[in-house]
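J.: okay, predicted coordinates and the sequence, questions at the end:
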Amino acid sequence: MDIYDLSSAAYKKARRRYLKTTKNRNEDLDAEWTPFRAAEKKYKARFPPPDLSHVLDLTSVTYDAETLASGRGFYCNGVEIRLLETNESMSSGVGKAFTVPRVPGLVILPSFVSPQDQRRLVRWALRDHARHPNETNLDAHYILPEEGLWNAHLSSDPPLVRTRACTPELSNTKSGNSGPRQLVSNTPTDPANFQSMLHSPKPLPAPSPTVSPASPTTLISKLRWANIGWSYHWGSKQYDFTKGKGHVDNEIGAICKRAVSSVDWEEVFGQSDEEGWSDEHWRNWHETYEPDAGIVNYYQIKDTLMAHVDRSEVCATSPLVSISLGNAAIFLIGGLTRDVEPTVILLRSGDVVIMSGPACRRAYHGVPRILEDTLPEHFSLKLDGEGLSSWTSYELYMRTTRININVRQVFPKGFDPGLQVEN
Ligand SMILES: O=C(O)CCC(=O)C(=O)O
Ligand SMILES: [Fe+2]
């Protein structure tokens, strides 16, 4: 038949028809997509590269005294924002706090963490935190080295990291029997487990006896998260309080508290007419805020975090503080459903985002894109009082990485979950 002759008119006609219907089908699919999904798709696309002209970039924002005196919001790349702290002269956004009226309760503090502190936090996240007793995504499969994965990776004679399934002496122990956690075994799109959506295009190996021992250097590139404080159970999407209250690093806690107390919450509440905002508890955040849980996310350049809501905390309105380090990211934040068009925000190294109050704490958000080659210069420079050689391996890792330290408060301050917990 003519249709099998690639040069025939019949074939060409059929191909035109096929392309047309496929295009229509794709357009139908696009039409079904929620605004949130459409934005994810747009910013995730490698080609053509996304247009960033509608992305809120607070380090480049400028404003004048007149605008500020008027008390009105002003626009950055089409996104309405308000400045919380007053400043008399024309100034840049660095060192200030901004709100986004479309997302009541969202506060952004550009460059809140100094370059030195950013590097300290990177060291902490890799060397001190991604190791026992803090759970990581790798624990499902591997018995991570006693000295920590990062130290093993740097060692001149790195040990091979053994797998759980291949370790006979552990197979009868409680942890051996409990099997690998569900997180890594879920497919990236499994809605039962949002953190599984933090994925690379090459998914982590499924937990099975066939997982092979690996070098610490290979595993470092597969590190995706490490738990902070109260242990989170990914299968049930609940905190597992029986595991005891894990420690929240003092410096992390201090940065989060400093961020929360640097904000004039009266002003934030005053901008919103949302029901419940006048509640005393929220007004007194700066006094009652005490972070007790969280996660460190380690994104490689092609990783994404799909739309989700962090709803497991008992304190449904207490601030969630999120610190960005390394390469910049596109952060989307919408509303209570995926039908709300998200605001698109560029998060750079050192930026702190606070998600607070009933609307913002239950808003869908996600990270569809890490922007390659956006590691700030201060990650490559020699900083005073810090040995350059010891920093080089961190810089190398960070060239293709974004780290996000995401800190929450599960319980109101002083609340005792009333469990017999092991420490
Ligand atoms: O990486 C980010 O900026 C956000 C991470 C996040 O939303 C989460 O860990 O729940
Ligand atoms: Fe989140």
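T.: Yep, that arrived. Ligands and ions are numbered 1, 2, ... in the order given.
J.: is Val296 in a bridge, and if so with what?
T.: Ala226, Ile405 (DSSP bridges).
J.: between the two ends of stretch 361-380, what distance do you get?
T.: 35 Å (C-alpha to C-alpha, to the nearest Å).
J.: what comes up buried for it?
T.: For stretch 361-380, the neighbour count (16 or more other C-beta atoms under 10 Å) marks 361-371, 375-376, 379 as buried. For glycine as for every other residue, the C-beta is placed from the backbone atoms N, C-alpha and C.
J.: now swap in stretch 215-234 and tell me
T.: Across stretch 215-234, burial judged by 16+ other C-beta under 10 Å covers 216, 219-220, 222-234.
J.: nearest to Glu135, of these?
T.: In terms of C-beta to C-beta, no member of the buried residues of stretch 215-234 lies closer to Glu135 than Asn227, at 4.5 Å.
J.: quick one: that closest one from ligand 1, how far?
T.: The gap separating Asn227 from ligand 1 is 11 Å, by C-beta to the nearest ligand atom, to the nearest Å.
J.: can you check Ile252 too?
T.: The gap separating Ile252 from ligand 1 is 14 Å, by C-beta to the nearest ligand atom.
J.: check Asn406 too.
T.: Asn406 is 4 Å from ligand 1, by C-beta to the nearest ligand atom.
J.: I'd guessed that residue sits against Pro291; true?
T.: No. If you go by C-beta atoms under 8 Å, Asn406 and Pro291 don't touch, sitting 10.2 Å apart.
J.: beyond the helix or strand containing Ala39, next helix or strand please.
T.: According to DSSP states H and E, Ala39 maps onto helix 35-44. The element immediately downstream of helix 35-44 (helix or strand, assigned by DSSP H and E) is strand 62-63.
J.: which helices and strands does that next one pack with?
T.: Applying 3 or more C-beta pairs under 8 Å, 6 or more residues apart in numbering; DSSP states H and E, one finds that strand 62-63 makes contact with strand 91-92.
J.: for the strand it packs on, give the mean pLDDT please.
T.: When pLDDT is averaged over strand 91-92, the result is 50.
J.: just to revisit the earlier point, please flag which of the buried residues of stretch 215-234 sit within strands.
T.: Counted as lying in strands by DSSP state E, out of the buried residues of stretch 215-234, are Trp225, Ala226, Asn227, Ile228, Gly229, Tyr232, His233.
J.: burial of the residue lying closest to the fifth one once chain neighbours are set aside, as a residue count?
T.: Distance criterion C-beta to C-beta, 6 or more residues apart in numbering; nearest residue to Gly229, sequence neighbours excluded, is Ala293 at 3.9 Å. The number of residues packed near Ala293 is 23, by other C-beta atoms under 10 Å.
J.: same check, this time on Pro412
T.: 13.
J.: from now on call the first residue 49
T.: Sure thing, new numbering starts at 49, so read that last one as Pro460.
J.: what residues are up against the closest residue to it other than its chain neighbours?
T.: Leaving aside its sequence neighbours, Pro460 sits nearest to Cys363 (C-beta to C-beta, 6+ apart; 5.5 Å). Cys363 makes contacts with Gln457, Val458, Phe459, Pro460, as judged by C-beta atoms under 8 Å, 6 or more residues apart in numbering.
J.: which among those residues end up buried?
T.: Buried among the contacts of Cys363 (16+ other C-beta under 10 Å): Gln457, Val458, Phe459.
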